[in-house]
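Undergrad: Provided below are the primary sequence and the corresponding predicted coordinates.
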Amino acid sequence: MRVITLNGSLRARSSNAALLRAAMNVAPDGMELIAYSGLGELPHFNPDLDAEDGEAPAVVRELRELLIGADAILISSPEYAHGVPGAFKNLLDWLVSVGELVDKPVALLNASPSGGDYAQVALLETLRTMNWRVVEEASLVKPFVRRKIVDELTDDDALALLRGALHALMNAVIAARSDS
């Protein structure tokens, strides 16, 4: 099972990146997590660059193909000024019209030891509008990391919750496969 991780932060030492790396380390057998690293390379969203008679920019096509080929998506994004960071919202805007992503299972993680509620609510609204299937039992949108992550997540309780979230995501993908 292939799960693509999307980090909403451009920071080199992002706590969101550390949380997604921790997810890679505790992923259940049979689940492969692959990090998308092209967030900073995406052009500003412009519908004129994505017209029906033309092709989207190559980096956008690559992102779309990566996500279409995935079984699920795992997102961890910071909150900036009570919202989703602009670069990450830009990524989502490039994906709005991709019909193959409708009903794609997605889980959200919150790397903040306190807060992040505004960004999580905004992300949930955007993803539901895009018709992605947010797997609530696999999402940790309320703060669950007790202290700021520096380079790596070492909190055993948080790692156990993360492990449980990944199992829930895997179970949701398996259940969706058996329903179709």
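TA: Great, that's in hand. The structure presented is a predicted model; accordingly, all values stated were derived computationally and were not measured.

Undergrad: How about the contacts made by L123?
TA: Applying CB atoms under 8 Å, 6 or more residues apart in numbering to L123 gives the contacts I75, S77, V84, L108. C-betas here are computed from N, CA, C, even on glycine.

Undergrad: Quick check: the third one touching A122?
TA: Yes: V84 sits in contact with A122 when judged by CB atoms under 8 Å, with a separation of 5.0 Å.

Undergrad: who's more crowded, those two?
TA: Using other CB atoms under 10 Å as the criterion, V84 and A122 rank with V84 on top: 24 against 16.

Undergrad: separation between the more buried one and L127?
TA: Distance of V84 to L127, given as CB to CB, to the nearest Å: 11 Å.

Undergrad: shared neighbours, these two?
TA: By CB under 8 Å, 6+ apart, the residues touching both V84 and L127 are L92.

Undergrad: Skip the chain neighbours and tell me the closest residue to G86.
TA: Ranked by CB to CB, 6 or more residues apart in numbering and with sequence neighbours excluded, the top spatial neighbour of G86 is Y80, at 7.7 Å.

Undergrad: tell me the mean pLDDT for stretch 38-45?
TA: For stretch 38-45, mean pLDDT rounds to 97.

Undergrad: mind listing what's buried in that stretch?
TA: L39, L42, F45 (16 or more other CB atoms under 10 Å).
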